[in-house]
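**Q** Please work out how this folds:
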Amino acid sequence: MTVALVGAGPGDPGLITHRGWELLLNADVVVYDRLASRALLDLVPETAKRIDVGKTPGSEEMSQDDINALLVEHGRSGANVVRLKGGDPFVFGRGGEEAEALAAAGIKFEVVPGISSAIAAPAYAGIPVTHRGVSTHFTVVTGHEDPTKGRTDVDWAALAASGGTLLILMGAGRIGDIAQALIEGGRAPDTPVAAVRNGTRTDQETVRATLATIGDAEVRPPSVIVVGDVAGLDLTWFESRPLFGRTVVVTRAREQASELHEQLVDLGAEVLEIPAIAIEPMKMVVPVLDEYGWIVFTSANAVRAFFEGLVNPLRDARALAHSRVAVIGLATEMELLARGIRADLMPERFVAESMLEAFPDPSFEGERVLLPRAQDARDVLPEGLKARGYLVDVLSVYRTVPTKPDPAMLERVRSGAVDAITFTSSSTVKSFCEAIGELPVPLTAIFSIGPITSETARKLGLTVTREASESTIDGLVSVVVEELSS
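**A** Sure, this is the predicted structure:
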């Protein structure tokens, strides 16, 4: 198989099929259009060639004939080619034409169906296309026929008489004329109509009207237009989520961002990942661990980097059998648990000062503590433990390095087109401020995971809107929701 025509679904990247996901993971060439979620391109190997053939209403970056030729060209090369198309390839997606071109060239192809916006957009707007006692069938029709064919195949009068639910794709620009044709065909002027724009995306919006008023309702593309009594039902769920319509910036390192990203998306936010730092493990010489009464981990990154270095010389978690283990933070504790180790000590507050308060006095003179941590971490903890009588060895196991954020993403922030920026560490604050320069006025809301991060932000001239009451991702998300949904 050399070419796969893959339906990307209507916009929400989570709606792609498992088969489509598999093909993207192994693609050598991806040819995609504007209706396919750009988030899906993150699945594609970095070595793959990405070709944007996106079309916008009223203009074309590449003609359909050119796209067909492109698929044939790459198909003949023997590469794994994915043609990523919004919705379903064979539902007004011109996938049939692409399949014909491939077949004519003798190139094997595969069709991977996608969820059509005709069904998904109404569902995300809380409108069932069929509903017991209201509608027993639905019809999908284009509102934009090929102007070069010299005739119309859509009999609006017949569609008006057929009853049920009418789903009109690509009809935003002609909805006034279409509504009038349906009324003239016998549909009642007060028939409910709903236009769902950008269905399943974080900027989805639903316009509700009737056949008599929809022409004046400023329906904009791309919209799925629902005509029928079901359009009067309002089972809203997607647009009622607490962060719907909000844009939140995540500055955390890409390796760590998934949990925060997923929680915010589940709550309805559009998430812009602008990683200000990257986590870089360091080469380290693991000391003789039996010599340490305590090993203290202050972050999940430290756990990951330490164990990566630990297993290289073919040692595993049993090497810690003679030491007690202390952690700062729930995420750090979970990283340890994933490796079969339960922490002996975790302070109530997830900062170094709280660890010093909770830490016991040495069991004997000269008791040793190993502190695997970031290269540029604060010295509060090692200095405090030394003052208590411990011998402390600091082991730098990783460092944070600044990244070069996407300029287009930074420009969105500078323009004030975001609602919130989240910071999960002092290093993210410093690197982000270096990259962004001055933030817009009025200042975007700033959310911090804890007191140390907040202190750094204030020193750099930022006003912290809210600080998480608990220094965890859950705590950070909670204050974002409280502030932005109020």
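**Q** how about Val369, what does it touch?
**A** For Val369, the contact set (CB atoms under 8 Å, 6 or more residues apart in numbering) comprises Tyr292, Gly293, Trp294, Ile295, Val296, Leu385, Tyr390, Leu391, Val392, Asp393. Every residue, glycine included, has its C-beta placed from N, CA and C.
**Q** quick one: which of the residues you listed sit in helices?
**A** Secondary structure from DSSP state H places Leu385 of the contacts of Val369 in helices.
**Q** who wins for neighbours among the contacts of Val369?
**A** Most neighbours among the contacts of Val369, by other CB atoms under 10 Å: Val296, with 28 neighbours.
**Q** That residue - nearest residue in space that isn't next to it in sequence?
**A** In space, and not counting its chain neighbours, Val296 is closest to Ala326: 4.6 Å by CB to CB, 6 or more residues apart in numbering.
**Q** Give me the contact list for the helix or strand containing the one you found.
**A** In this structure, Ala326 sits in strand 324-327 according to DSSP states H and E. Contacts to strand 324-327, defined as CB under 8 Å, 6+ apart, come from residues 293-298, 303, 333, 336, 341-346, 355, 359.
**Q** Which stretches in the stretch 251-400 of the chain count as helices?
**A** Ranges of helices in the stretch 251-400 of the chain, per DSSP state H, counting those that start in this stretch, are 258-266, 300-311, 330-337, 352-358, 380-387.
**Q** Confidence-wise, which of those helices is weakest overall?
**A** Here the lowest mean pLDDT among these goes to helix 300-311, at a mean of 87.
**Q** chain center to that helix: distance?
**A** How far helix 300-311 lies from its chain's middle: 27 Å, per CA atoms, centre = their mean, to the nearest Å.
**Q** What angle do helix 330-337 and it make with each other?
**A** Relative orientation of helix 300-311 with respect to helix 330-337: 20 degrees, computed using axes from the mean of the first three to the mean of the last three CA atoms, to 10 degrees.
**Q** Any idea what the residue nearest to Val296 is bridged to?
**A** Val296, Leu345 (DSSP bridges).
**Q** quick one: which of the contacts of Val369 sit in strands?
**A** Counting by DSSP state E, those place Trp294, Ile295, Val296, Leu391, Val392, Asp393 in strands.
**Q** so where is the chain shaky, pLDDT-wise?
**A** Scanning the chain for pLDDT under 70 picks out 1, 55-61, 145-152, 311-315, 440-443, 486.
**Q** Kindly recompute the last result at 80.
**A** Across the chain, the ranges flagged by pLDDT under 80 are 1, 34-38, 54-61, 145-153, 254-257, 310-317, 438-443, 486.
**Q** So which residue of it lies furthest out from the middle?
**A** Residue farthest from the centre of the chain, counting by CA atoms, centre = their mean, is Glu365 at 51.7 Å.
**Q** That residue touches Gly389, doesn't it?
**A** Yes: under the criterion of CB atoms under 8 Å, Glu365 makes contact with Gly389 at 7.1 Å.
**Q** Next up, the contacts around Gly268.
**A** Gly268 neighbours (CB under 8 Å, 6+ apart): Thr202, Phe238, Glu239, Arg241, Pro242, Leu243, Phe244, Gly245, Arg246.
**Q** Please disregard the earlier target; I meant Thr17.
**A** Gly7, Gly9, Val112, Pro113, Gly114, Ile115.
**Q** what's the answer for Asp234, then?
**A** Gly126, Ile127, Arg208.
**Q** And for Pro128?
**A** Pro122, Val230, Leu233, Leu235.
**Q** got TSV for those, with neighbour count, secondary structure and distance to Ser258 too?
**A** Shown next, in TSV, are those (neighbours: other CB atoms under 10 Å; DSSP: H, G, I helix; E, B strand; the rest coil; distance: CB to CB, whole Å):
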residue	neighbour count	secondary structure	distance to Ser258
Pro122	25	helix	30
Val230	21	helix	37
Leu233	19	coil	35
Leu235	11	coil	30
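**Q** Export the residues you listed as a markdown table, with columns for distance to Glu97.
**A** Formatted as a markdown table, the contacts of Pro128 follow (distance: CB to CB, whole Å):
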| residue | distance to Glu97 |
| --- | --- |
| Pro122 | 27 |
| Val230 | 32 |
| Leu233 | 36 |
| Leu235 | 37 |
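**Q** these two touch, right, Ser135 and Val129?
**A** Yes: using CB under 8 Å, Ser135 is in contact with Val129, at 7.2 Å.
**Q** Just want the phi and psi numbers for the nearest residue to Lys404 once chain neighbours are set aside.
**A** Spatially, and ignoring its direct neighbours in sequence, Lys404 is nearest to Ala435 (7.5 Å; CB to CB, 6+ apart). The phi and psi torsions at Ala435 (degrees, to the nearest 10) take the values phi -80, psi -40.
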